[in-house]
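A.B. asks: I would like to see how this sequence folds:
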Amino acid sequence: MTLPPITPSHEPYQSLIDSAETWHKQGHYKEAVILAQTGLELFTEKTLGHLYQTRQLEYLKPEFEHLLINYNIGNSKVSGLYIALSGDEIKQAPFWAALTDHVELRNKLVHDGQDATAEQSRNSLDAVKALISHVQEHNSL
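C.D. replies: Down below sits the predicted model:
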């Protein structure tokens with residue numbers, strides 16, 4: 001079986017999101033969810049870096065990010081840091097519940113070896129894209 005290639009883009013996170021869409025369309029639902037989460041974490045890392053610069057807090061980045069274990073915005077430490085830097089109460093957004101479902105699914109796929117359905121994959125992709133769009137609009141990215 002030949003798997004779809006990673007779609008090139010000028011932004012690594014976008015390459016992963018685009019590839020997740022391709023993998024979903026080709027029936028690789030588990031992989032699509034995992035790629036979407038990886039793309040989201042790259043996007044979150046880039047966004048936090050932008051916010052440190054915007055707030056002129058670059059000097060705090062090493063200390064704050066040393067406290068993070070990853071860039072999973074579904075993690076309360078990461079989302080809390082994002083909210084503090086951006087003023088965006090993202091957890092109140094309509095897509096937040098779907099995003100937390102996506103993160104839980106991704107964890108089950110990676111850590112418990114479960115599979116994803118087409119519906120779960122589509123819901124994950126939609127939640128990730130909604131979050132990225134929201135963050136881009138809120139932060140003028």
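
A.B. asks: show me where pLDDT drops low in the protein?
C.D. replies: Per-residue confidence of the chain (counting by pLDDT under 70) places the weak regions at 1-5, 7.

A.B. asks: Need the single longest helix in it, by residues.
C.D. replies: If each helix of the chain is counted by residues according to DSSP state H, the longest one is helix 29-54.

A.B. asks: got a list of contacts for the helix or strand that it is followed by?
C.D. replies: On the C-terminal side of helix 29-54, the closest following helix or strand by DSSP states H and E is helix 61-66. Under the contact criterion CB atoms under 8 Å, 6 or more residues apart in numbering, helix 61-66 has outside partners Leu48, Gly49, Tyr52, Leu81. (Each C-beta comes from the backbone N, C-alpha and C, glycine too.)

A.B. asks: can I get the residues you listed in JSON lines with distance to Pro94 and neighbour count?
C.D. replies: Below are the contacts of helix 61-66 laid out as JSON lines (distance: CB to CB, whole Å; neighbours: other CB atoms under 10 Å):
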{"residue": "Leu48", "distance to Pro94": "23", "neighbour count": "21"}
{"residue": "Gly49", "distance to Pro94": "26", "neighbour count": "13"}
{"residue": "Tyr52", "distance to Pro94": "27", "neighbour count": "18"}
{"residue": "Leu81", "distance to Pro94": "22", "neighbour count": "21"}
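
A.B. asks: of all the residues you listed, which two lie farthest apart?
C.D. replies: The largest distance within these, taken as CB to CB, falls between Gly49 and Leu81 and amounts to 11.7 Å.

A.B. asks: Assign Pro130 to helix, strand or coil.
C.D. replies: Residue 130: Ala, not Pro. What DSSP: H, G, I helix; E, B strand; the rest coil gives for Ala130 is helix.

A.B. asks: my guess is it meets Ala98, correct?
C.D. replies: Yes. The pair Ala130 / Ala98 is scored as a contact, 7.3 Å apart, by CB atoms under 8 Å.
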